[in-house]
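A.B. asks: got a structure for you, letters missing:
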């Protein structure tokens, strides 16, 4: 059985200014703070002798690999990102960076979301990717428009209650 997997669909290379600064700060932290600490701990673990049964050495090697993998990804991803600056001219339409309040037509539930880039999504904050089915369905809709989104639970109808930037 091969380990080949089809390539994942490419995500949209757009990000907010805050998200861009967060990614740059994460790369800086990984490269200048965390990695030197792990390298120092790895050297100390390697100096203890037999590496085949040295759990600290194995752990630090794994940790260093994870840091390098993330730093490599960020080093390639950050230059390819386009930072979206400012609000659009039509502030009643839903575009990238919008904070939207939706009402589920069926249940009457009110939902708050912010449409952000795929690199900065956060479910706890209600930040959804512009690539998500809900965001794709809401894009370019106006205040009080009704639309349908194909969600994992099936098609769902929403009304846009508020749009803010």
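C.D. replies: Noted; the coordinates are in hand. On a predicted model such as this, the values are computed, not experimentally measured, just so you know.
A.B. asks: could you use CA atoms for every contact and neighbour count after this?
C.D. replies: OK.
A.B. asks: would you agree residue 136 falls within a helix?
C.D. replies: Yes - counting by DSSP: H, G, I helix; E, B strand; the rest coil, residue 136 is found in a helix.
A.B. asks: switch to numbering from 647
C.D. replies: Got it, the first residue is 647 from now on, which makes the last one we talked about residue 782.
A.B. asks: list the contacts for the closest residue to it other than its chain neighbours?
C.D. replies: Spatial nearest neighbour of residue 782, chain neighbours left out: residue 776 (6.3 Å); criterion: CA to CA, 6 or more residues apart in numbering. Listed by CA atoms under 8 Å, 6 or more residues apart in numbering, the contact partners of residue 776 are 658, 742, 761, 762, 763, 764, 782.
A.B. asks: the second one and residue 766, how far apart?
C.D. replies: Which is residue 742. Going from residue 742 to residue 766 by CA to CA, to the nearest Å gives 13 Å.
A.B. asks: check which helix or strand covers residue 668.
C.D. replies: If you go by DSSP states H and E, residue 668 is part of helix 663-675.
A.B. asks: which neighbouring elements make contact with that helix?
C.D. replies: helix 701-726, strand 728-730 (3 or more CA pairs under 8 Å, 6 or more residues apart in numbering; DSSP states H and E).
A.B. asks: could I get those as a markdown table with mean neighbour count and distance to residue 673?
C.D. replies: Below are the helices and strands packed on helix 663-675 laid out as a markdown table (neighbours: other CA atoms under 10 Å; distance: least, CA to CA, whole Å):
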| stretch | mean neighbour count | distance to residue 673 |
| --- | --- | --- |
| helix 701-726 | 15 | 6 |
| strand 728-730 | 16 | 17 |
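A.B. asks: mean pLDDT and distance to residue 772 for the ones you listed - can I get that in a markdown table?
C.D. replies: Below are the helices and strands packed on helix 663-675 laid out as a markdown table (pLDDT from 0 to 100; distance: least, CA to CA, whole Å):
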| stretch | mean pLDDT | distance to residue 772 |
| --- | --- | --- |
| helix 701-726 | 95 | 23 |
| strand 728-730 | 94 | 19 |
